[in-house]
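In: Everything below, folded, please.
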Amino acid sequence: MAFAGSPEDRLAIRERIESYADAVFQRDETVWGANWAEDSVWSLMGAQVKGKANIVAMWREAMAGFSFVSFFGNPGAIAIHGDTAEVRVYTLEFLVETGGKARRVVGQYDDRLVKQNGQWLFQSRTYRILNES
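Out: As a prediction, this is how the structure comes out:
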């Protein structure tokens, strides 16, 4: 997979990734949830959550376990095929659990996005940890 598709669509997808990351920093559930399609799927290390409302509820619960969360995402590939796109995003997170334990996590998302009403939204995100300390 490489970078393929119109520059406008690739920019819009990059901005979707950036909006997602900013919403994590801001702990903004509404903005974070707006990045997902209604019938989306989020897969995290073997667990799978289906539907935007369920995904947002799981995120809210997970975020409650941290006193601080930072999230950086950098696309490694974007391949657009009409109104769908395959995207690989590398992530870096700095986390502080509510008990005070600090963690650094490097991960990878393998994503599928769909273009709906002129907006690129996450249809599915599959996450795996590449390194943690």
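In: list the buried ones in stretch 31-38?
Out: For stretch 31-38, burial by neighbour count (16 or more other CB atoms under 10 Å) applies to 32-37. C-beta: built from backbone N, CA, C; applies to glycine.
In: tell me which of these is nearest to residue 43?
Out: For the buried residues of stretch 31-38, the minimum distance to residue 43 (CB to CB) is 13.1 Å, reached by residue 36.
In: ok, then the element right after the helix-or-strand element of the chain with minimal mean pLDDT?
Out: Every helix and strand in the chain was compared by mean pLDDT, DSSP states H and E; the lowest is strand 3-4, with a mean of 86. On the C-terminal side of strand 3-4, the nearest following helix or strand under DSSP states H and E is helix 7-26.
In: Would you mark the buried spots in that following helix?
Out: For helix 7-26, a neighbour-count test (16+ other CB under 10 Å) marks 9-10, 12-14, 16-17, 20-21, 23-24 as buried.
In: Thanks a lot, see you next time.
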